[in-house]
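> Curious how this folds, go ahead:
(chains A and B)
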Amino acid sequence: QVQLLESGGGVVQPGRSLRLSCAASGFTFSNYGLYWVRQAPGKGLEWVAVLSYDGRTKYYADSVKGRFAISRDNSKNTLYLQMDSLRAEDTAVYYCARKPVAGREGGYFDYWGQGTLVTVSS
Amino acid sequence: DIQMTQSPSTLSASVGDRVTITCRASQSISTWLAWYQQKPGKAPNLLIYKASNLESGVPSRFSGSGSGTEFTLTISRLQPDDFATYYCQQYNTYWTFGQGTKVEIK
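Okay, the predicted model is just below:
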């Protein structure tokens, strides 16, 4: 079955960096686009970034543009989120999620990981 | 940016009730809308995509409708497992979620 497992979260000081990973299994990783979505404590969901199946197309939310970078290693079935210049408002549970099909038709999230908590605090 | 507004924010209901949640978009999104259920401490779970398509494995008591700027999620007969928070999400232009509707026990 499809599984997505995030790791790399933790407590980090403002201005520092952190890299999240999302290990995938149960499907042909290189055929699917992937997202990062976050949820601040007690708040709603916010899309963060998306990456196409081949790594060529990526988009970022304005709130993280220029600070976060999404990437993937199809040989390792792993998605990454490099987070630099972290701010207190980046504190959230970060989920990776799968894009079910290419293009706008697949602009939703059919499978999600369990999430990893990032806390930005001095 | 497209804003998504859900109503109500909280809904109190009893087992067996018919429940309707509304989601409005700030501009037309055709039928590029999905619905998710989230329970505390868990990841969201996809219920509906393209406004009215039921995801595989989701009970048929869940249904979605609408197009353009107004959408609804209906639970025909609320079950104990359905008490949760529900989110709509548009994918017409980038991706944005509604603020959520918490369905609680009356």
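
> Now do the same contact list for the residue sitting nearest the centre point of chain B.
Nearest residue to the geometric centre of chain B (C-alpha atoms, centre = their mean): residue B:35, 4.1 Å. The contact partners of residue B:35, taken as C-beta atoms under 8 Å, 6 or more residues apart in numbering or on different chains, are B:23, B:46, B:47, B:48, B:62, B:64, B:73, B:86, B:87, B:88, B:89. (Glycine included, C-beta is placed from N, CA and C.)

> Give me the contacts around whichever strand or helix holds residue A:21.
Per DSSP states H and E, residue A:21 falls inside strand A:18-25. Strand A:18-25 has contacts (C-beta under 8 Å, 6+ apart) with A:2-10, A:12, A:34, A:36, A:76-83, A:86, A:94, A:96, A:98, A:113, A:116, A:118.

> can you give me the strands for the chain?
Unless you meant another one, I'm taking chain A. A:3-7, A:10-12, A:18-25, A:34-39, A:45-51, A:58-60, A:68-73, A:78-83, A:92-98, A:116-120 (DSSP state E).

> hmm, I had chain B in mind actually
According to DSSP E, the strands that chain B contains are B:4-7, B:10-13, B:19-25, B:33-38, B:45-49, B:53-54, B:62-67, B:70-75, B:85-90, B:96-97, B:101-105.

> near chain A, anything from the second one?
No - Strand B:10-13 lies apart from chain A when judged by C-beta under 8 Å from any C-beta of the partner chain; the minimum separation is 13.4 Å.

> Parallel or antiparallel, which strands does that strand pair with?
strand B:101-105 (parallel) (DSSP bridges).

> Now the partner strand: average pLDDT?
Mean per-residue pLDDT for strand B:101-105: 96.

> Likewise for stretch A:57-76?
97.

> What residues sit buried inside it?
By neighbour count on 16 or more other C-beta atoms under 10 Å in any protein chain shown, the buried set for stretch A:57-76 is A:60, A:61, A:64, A:68, A:69, A:70, A:72.

> Then stretch A:101-115?
Buried, per 16+ other C-beta under 10 Å, within stretch A:101-115: A:106, A:107, A:108, A:109, A:110, A:111, A:112, A:113, A:115.

> Output it in CSV with nothing but the alpha carbons.
Presented in CSV, the C-alpha positions along stretch A:101-115 are these (Å, rounded to 0.1, in the frame of the first residue of the first chain):
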residue,chain,number,x,y,z
VAL,A,101,-2.3,12.5,-11.7
ALA,A,102,-0.4,15.1,-13.7
GLY,A,103,-1.8,18.4,-14.6
ARG,A,104,-4.7,20.3,-13.1
GLU,A,105,-6.7,17.1,-12.9
GLY,A,106,-4.5,15.9,-10.2
GLY,A,107,-4.3,19.1,-8.2
TYR,A,108,-5.5,17.5,-5.0
PHE,A,109,-3.8,15.2,-2.4
ASP,A,110,-4.7,11.5,-2.4
TYR,A,111,-2.2,10.1,0.1
TRP,A,112,-0.6,11.9,3.0
GLY,A,113,2.2,11.1,5.4
GLN,A,114,1.8,11.2,9.2
GLY,A,115,3.6,14.5,9.4
